[in-house]
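In: based on what follows, work out the 3D shape:
(chains A and B)
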Amino acid sequence: MKLDPTVCVFGEDVGHYGGSYKVTKGLADMFGDLRVLDTPIAENSFTGMGVGAGMKGLRPVVEGMNMGFLLLAYNQISNNCGMLHYTSGGQFKIPVVIRGPGGVGRQLGAEHSQRLESYFQSIPGLQMVACSTPYNAKGLMKAAIRSENPVVLFEHVLLYNLKEKIPDEEYVLCLEEAEMVRPGEHVTILTYSRMRYHVMQAAKTLVDKGYDPEVIDIRSLKPFDLHTIGNSIKKTHRVLIVEECMRTGGIGASLRSAIIDNFWDYLDAPIMCLSSQDVPTPYASTLEDATVVQPAQIVAAVEQICQ
Amino acid sequence: MAATSFTAAKFLAPVAARSGGERAPPLPAGASSSSFARAMRRGGAHHPRLRTALAVSSDVLAGNKAQAAAANPAVTREEALELYEDMVLGRVFEDMCAQMYYRGKMFGFVHLYNGQEAVSTGFIKYLNQADCVVSTYRDHVHALSKGVPARSVMAELFGKATGCCRGQGGSMHMFSAPHNLLGGFAFIGEGIPVATGAAFAAKYRHEVLKQSGPDGLDVTVAFFGDGTCNNGQFFECLNMAQLWKLPIIFVVENNLWAIGMSHLRATSDPEIFKKGPAFGMPGVHVDGMDVLKVREVAKEAIDRARRGEGPTLVECETYRFRGHSLADPDELRKPGKDYFPVSFYFFASLVKFLVLTRLSGEMENGIKASLAKFVAMLKMASNIVLMKTDEKSHYAARDPITALKKYIIEENLATESELKSIEKKIEDVVEEAVEFADASPHPPRSQLLENVFADPKGFGIGPDGKYRCEDPKFTQGTAQV
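Out: Down below sits the predicted model:
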């Protein structure tokens, strides 16, 4: 926001409150109430405002207080963010960033525990990335703001407390690239966001058991980085996808399909995909834990693939 | 079945808002003479404690026909001819669209604007190039009024590569960056937030970027219909626009019909302009069939917005002469159907009755007189009951182009032959547009992937490590993405 005065923020409680997860803390004091705009509760309309402002030269960062609330903004995200550049014959660009916390938290209830990446992935003209560490959060946010395309940046409710030493200076990550988390030889594990941590926890167990998993955080949910993913598959010949989306129509379903299309000849085993259950996330902690993928399931899946 | 917009009740209702509101700045001297402006001066600007927002009825609503006629403001010859030419362009263009559609040159959903020209011309001709217009699917004439060449619009409708959106948008998605036409939207209401965002950007440019135009803020005008006024996005944006005093005018083109749904059957309180004050902004009703009246209100609202005084809600009473779209059989608006309790048949019957009784009053036989009276009353009653009003004829008689032509000739602003030569010129422009569109090429396959992303890296990295958009087949439109 210091570098470019056209960058502004819209959202509920982003200004004086500093953001419901404190992502925009202090920004209103620095940049004023117009650049860090506290909106009324009207997601569809303020997202549309972001589109209109983007068309007229600003670079809005629109926050969904919880990503689930952006279901209210689906009209604007699909029709206008995604398609307006095309229907205008390339005359207007929509350089907006739509971001917010999503995913399954700790007993937040079904409606605050949604994974909107599966709903948005079909929208043409939209890019989607998911950050998972403080380092890639900063780099991807900067990349998203600089991008001329509309980008949806998925943060996760449970990852805001992570602490990491990151460089003070500017760095911008590539929106379209995946991140190699742990190189390995036996199996390619593709994951993103919070599930990366469950995978890494499972990886510790797997290493003790003698396995050597390669863990890739795909980061770019749309489009997929088929180069990094492909190189890994060509090496290990076995793929496990671990995601937080529902089994039906999730990112994993699309990824599996893309891998089959492009890398079928390199596979020695069927692609396994561990997803959340097709169940509204229950409030009770025991049930909630059962809906998302746990490290023990990941270990079991790797053992099965590597037989 | 009261069409409340047409009752003769006179109302000018200042809606008192919360106390402790800020003092509104006084309007500069020399403001226009429209009833809206007069009302603002009377009630809106000088209450230090109360912030009043006004619902202003038009003179037509107030039933004051004589005043309405006299209230037509002075307009110069140049202005009048500009308005006339623009409306004729809109009408001739839309008639040509109908022809082309039925000849198989235009496809899909095409929504024509015949009858509503006064609204588009009245507002848009008062705007600058830098001001923005946002419309709906009934957008051809808004595009033309904003300055998009007729040939670009026609080529777009034919789906040709030379169209204003390269053939990718079509009838419902007219855009033009040089003319600041921000669409063309298929879903009703979805353009209103975009317009609000454009207005926000204008305020932002002024306050944050310190870029100010010499006239004040760049203004955005959002056009939409009566059906849209029952949609959430409308209300959400009225709130935000007034909250942040955005330079936007919300123009409701109330043509009484949303496809086949009558406004009165869909809306609990059909007086849309009164919804402005609920959000703290002035709401104005205007006769949308009279371009000079629309222009007066437009001037006031646009100047207000430019000065930073915030948004206005303007409800234009207008009518579409054709169906909702070219695919609409338009059966619900046939003559003989009941829609208005007030009709000239009613008055005709009344006159007949009065004449009859007057004549029969001189006649020798009291019984004959009573009989004549009775027959006349029956006729009147039957007219009311059977509602033989023809809504279409009612509005056809108020055709904005005919009305302006009459005004121009009566006020000696131009001669009949000058107007005829304008009409001829427009016909040539539209003919040429059709020829241009016909001769233009269809978009080639290579165009398929080009505008999906502003930065085509958005298609991602392929298995070979190269970006998809670097694949030579990308520019051919056949790349795997």
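
In: wait, what's in contact with the spatially closest residue to residue A:298 that is not a sequence neighbour?
Out: Closest residue in space to residue A:298, ignoring its immediate chain neighbours: residue A:202 at 3.7 Å, by C-beta to C-beta, 6 or more residues apart in numbering or on different chains. From N, CA and C alone the C-beta is placed, and that goes for glycine too. Contact analysis of residue A:202 by C-beta atoms under 8 Å, 6 or more residues apart in numbering or on different chains lists A:295, A:296, A:298, A:299, A:302.

In: among these, who's most crowded?
Out: residue A:298 (26 neighbours; other C-beta atoms under 10 Å in any protein chain shown).

In: rewinding a little: tell me the one of the contacts of residue A:202 nearest residue B:192?
Out: Nearest to residue B:192, judged by C-beta to C-beta, of those is residue A:298 at 47.2 Å.

In: find the nearest non-adjacent residue to residue 116, please.
Out: Picked chain A for this. Residue A:116 sits nearest to residue A:67 (C-beta to C-beta, 6+ apart), 4.7 Å away.

In: can you look at chain B instead?
Out: Closest residue to residue B:116 apart from its sequence neighbours, by C-beta to C-beta, 6+ apart: residue B:318 at 4.7 Å.

In: where along the stretch 151-300 of chain A do the helices fall?
Out: A:195-208, A:226-236, A:251-263, A:285-291, A:295-305 (DSSP state H, counting those that start in this stretch).

In: turn those into JSON lines, including mean pLDDT.
Out: Shown next, in JSON lines, are the helices of the stretch 151-300 of chain A (pLDDT from 0 to 100):
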{"stretch": "helix A:195-208", "mean pLDDT": "98"}
{"stretch": "helix A:226-236", "mean pLDDT": "97"}
{"stretch": "helix A:251-263", "mean pLDDT": "97"}
{"stretch": "helix A:285-291", "mean pLDDT": "96"}
{"stretch": "helix A:295-305", "mean pLDDT": "97"}
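
In: packed most tightly, which of the ones you listed would that be?
Out: helix A:226-236 (a mean of 21; mean count of other C-beta atoms under 10 Å in any protein chain shown).

In: against chain A, how distant is residue B:416?
Out: 41 Å (C-beta to the nearest C-beta, to the nearest Å).

In: let me see the confidence value for that residue.
Out: Per-residue confidence (pLDDT) for residue B:416: 96.

In: can you tell me how far it is from residue B:409?
Out: 6 Å (C-beta to C-beta, to the nearest Å).

In: between those two, who's got more neighbours?
Out: Neighbour tally, residue B:416 and residue B:409, criterion other C-beta under 10 Å: the higher count belongs to residue B:409, 14 against 10.

In: ok so that one is a helix residue?
Out: Yes. The assignment for residue B:409 is a helix, going by DSSP: H, G, I helix; E, B strand; the rest coil.

In: pull the contacting residues for it.
Out: Contacts of residue B:409 (C-beta under 8 Å, 6+ apart): B:415, B:416, B:419.

In: chain B: which of the contacts of residue A:202 is nearest?
Out: Nearest to chain B out of the contacts of residue A:202 is residue A:302 (C-beta to the nearest C-beta; 24.1 Å).

In: go ahead and confirm the closest one touches residue A:189.
Out: Yes. Between residue A:302 and residue A:189 a contact is recorded at 7.4 Å, counting by C-beta atoms under 8 Å.

In: list residues touching both of those two?
Out: A:213, A:240.

In: the longest strand seen in chain A vs chain B: in contact?
Out: Ranked by number of residues, the top strand in chain A under DSSP state E is strand A:239-246. No. Shown here: strand A:239-246 not in contact with chain B (C-beta under 8 Å from any C-beta of the partner chain), separated by at least 14.1 Å.
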